[in-house]
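Chemist: Only the shape, not the letters, is given here:
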């Protein structure tokens, strides 16, 4: 009678499922979108069911517990045009145009040439000192 080993059960079927489960866990661990600190698990379950004729039926299963997706966060900026009521939303810090700020008494931002990296207005006219009391 041949020895029963992990590799011989079901003609190697159990060992193959085990290897596939290990590969699945490995892919989950190296996936940058998965939580790197969450534990992974693998369970091999064997059930022995005695038969009436002296034989034993064996059922097996291999189950994995994988990490879920990494939690992410972002910051969205939102603004509303006072005249048209149009709402604009953009993601902060993603090299996308930022939402223009509007006030009720303003007809909108004036078209001026500006440096998109620094946000600095270029070629702005200087008219002397500003009278803050006025």
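Modeler: Received the coordinates, thanks. Being a predicted model, the structure only gives us computed values, none of them experimental.
Chemist: what's around residue 31, how many residues?
Modeler: Taking other C-beta atoms under 10 Å as the neighbour definition, residue 31 ends up with a count of 14. In this view, the C-beta of every residue, glycine as well, is placed from N, C-alpha and C.
Chemist: can you list the domains in the protein?
Modeler: Following automatic domain parsing, the chain resolves into domains at 9-65, 73-123.
Chemist: got the end-to-end distance for the last one?
Modeler: The one in question is domain 73-123. Using C-alpha to C-alpha, to the nearest Å, one end of domain 73-123 lies 38 Å from the other.
Chemist: mean confidence for it?
Modeler: Averaging pLDDT along domain 73-123 gives 69.
Chemist: again, but for the longest one
Modeler: This predicted structure assigns domain 9-65 an average pLDDT of 95.
Chemist: need the strands for this structure, in chain order.
Modeler: Listed in chain order, the strands of the chain (DSSP state E) span 41-50, 56-65, 76-80, 87-91.
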